[in-house]
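1. what shape does this take:
(one chain, ligands or ions: 1)
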Amino acid sequence: MAEAKAPQQRGGQTEDVSAETLAEIGLRFEVDGEIATITLDRPDKRNAQTFATWSALARIGDSLPEQVRVVVVQGEGPSFSAGIDLRMFTPEGVPGQGSFGSAARLDSASFEQRIQEAQQGFRWLRRPEIVSIAAVHGHAIGAGFQLALSCDLRIVADDVKFCMKEPALGLVPDLTGTKPLVELVGLAKAIDICLTARFVEADEAMRIGLAERVVAGGDLAKAVQDKAAELLSTNRDAAAATKRLLQGAQSRTLEEQCAAEGAEQIKRLRAMFGGAA
Ligand code: CAA
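-> Predicted coordinates for the structure are as follows:
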């Protein structure tokens with residue numbers, strides 16, 4: 001997984017992700033101390049996403065200032081995100097970005113590379129050095145649902161409507177969402193949600209483990225702020241080491257996990273008290 005690069009801040013913006021460029025794409029990125037906020041900002045199109053959105057998200061991840069420990073992902077307007085820009089399904093596509101039709105005609109290697117580039121916009125949100133929080137309200141459809149799934153935590157408004165629309169459109173979810181979905185809700189529920197493309201609303205999201213907390217829409221920002229403050233109250237390096245342990249837990253045996261816990265702990269103790277390298 002990519003490491004966070006050295007801080008390149010200038011007036012609250014990283015150098016290679018200018019506010020103007022992001023605004024053209026329909027994104028905002030703000031850093032306030034240890035908290036970064038990414039806002040999907042195309043409310044008139046319900047924050048529909050394009051390849052440019054995903055490549056800008058990847059650039060934000062690559063240049064995230066080192067001091068950032070919490071990344072909040074939120075949407076402006078009535079929806080978190082209505083998913084991929086439906087112009088991708090038209091022959092004309094999205095100006096300058098092509099269409100699904102043109103993507104299908106790429107050779108396999110180029111196509112795989114294009115998908116991997118898109119996925120980079122989502123993958124970095126799992127980095128151990130940060131905790132990512134999706135603040136989700138209204139519709140989170142397709143790529144919008146997958147973006148919320150890419151975050152470590154989901155705090156949702158009571159009007160939330162998650163939908164994995166891809167199979168209804170003849171496609172599969174390919175923006176890194178299938179793994180966290182299965183891990184969160186289990187295989188049977190994930191099959192139910194994806195293969196029916198039905199809406200999952202707030203009560204169910206809470207019940208099946210998709211959401212950590214449901215609040216009234218007007219309380220969403222405050223609930224996210226409170227969670228960020230709680231997360232910042234623990235030790236930065238211990239938090240990153242603990243997240244690494246938790247992320248690896250499912251794929252390790254108990255013996256391997258015990259060894260991993262010991263290895264992380266000795267690093268912590270040596271960092272605190274000194275000792276052999
Ligand atoms: N792409 C492009 N434009 C979109 C859009 C999308 N995904 N979703 C909404 N819009 C546009 C509408 O065309 C409309 O534009 P105009 O005002 O210019 O007509 C504007 O946003 C407002 O839309 P609605 O009037 O439909 O807003 P609403 O609040 O009544 O409904 C909604 C919101 C339920 C999200 C509805 O807009 C909708 O169903 N959108 C499409 C959802 C969808 O199918 N997304 C694709 C999912 S699949 C995916 O993301 C991954 C993949 O790889 C395929």
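
2. near the ligand, which residues of the stretch 1-150 of the chain?
-> Within the stretch 1-150 of the chain, the positions near the ligand by Cβ under 6 Å from any ligand atom are 45-46, 48, 78-79, 82-86, 139, 141-143. C-betas here are computed from N, CA, C, even on glycine.

3. what about 5 Å?
-> Counting by Cβ under 5 Å from any ligand atom, the stretch 1-150 of the chain comes close to the ligand at K45, R46, A48, A82, G83, I84, D85, L86, H139, I141, G142, A143.

4. among these, which lie within strands?
-> When these are checked against strands (DSSP state E), the matches are H139, I141.

5. just the buried residues of the residues of the stretch 1-150 of the chain next to the ligand.
-> Among those, the ones that count as buried by 16 or more other Cβ atoms under 10 Å are K45, R46, A48, A82, G83, I84, D85, H139, I141, G142, A143.

6. return the subset of the residues of the stretch 1-150 of the chain next to the ligand lying in helices.
-> A143 (DSSP state H).

7. between the residues of the stretch 1-150 of the chain next to the ligand, which sits nearest W54?
-> Ranked by distance to W54 (Cβ to Cβ), those are led by A143 at 8.2 Å.

8. quick check: residues of the stretch 151-277 of the chain near the ligand?
-> Checking the stretch 151-277 of the chain against the ligand by Cβ under 5 Å from any ligand atom, the hits are K165, E166, L171.

9. dump these to JSON lines, plus secondary structure and neighbour count.
-> Formatted as JSON lines, these follow (DSSP: H, G, I helix; E, B strand; the rest coil; neighbours: other Cβ atoms under 10 Å):
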{"residue": "K165", "secondary structure": "coil", "neighbour count": "21"}
{"residue": "E166", "secondary structure": "helix", "neighbour count": "23"}
{"residue": "L171", "secondary structure": "coil", "neighbour count": "13"}
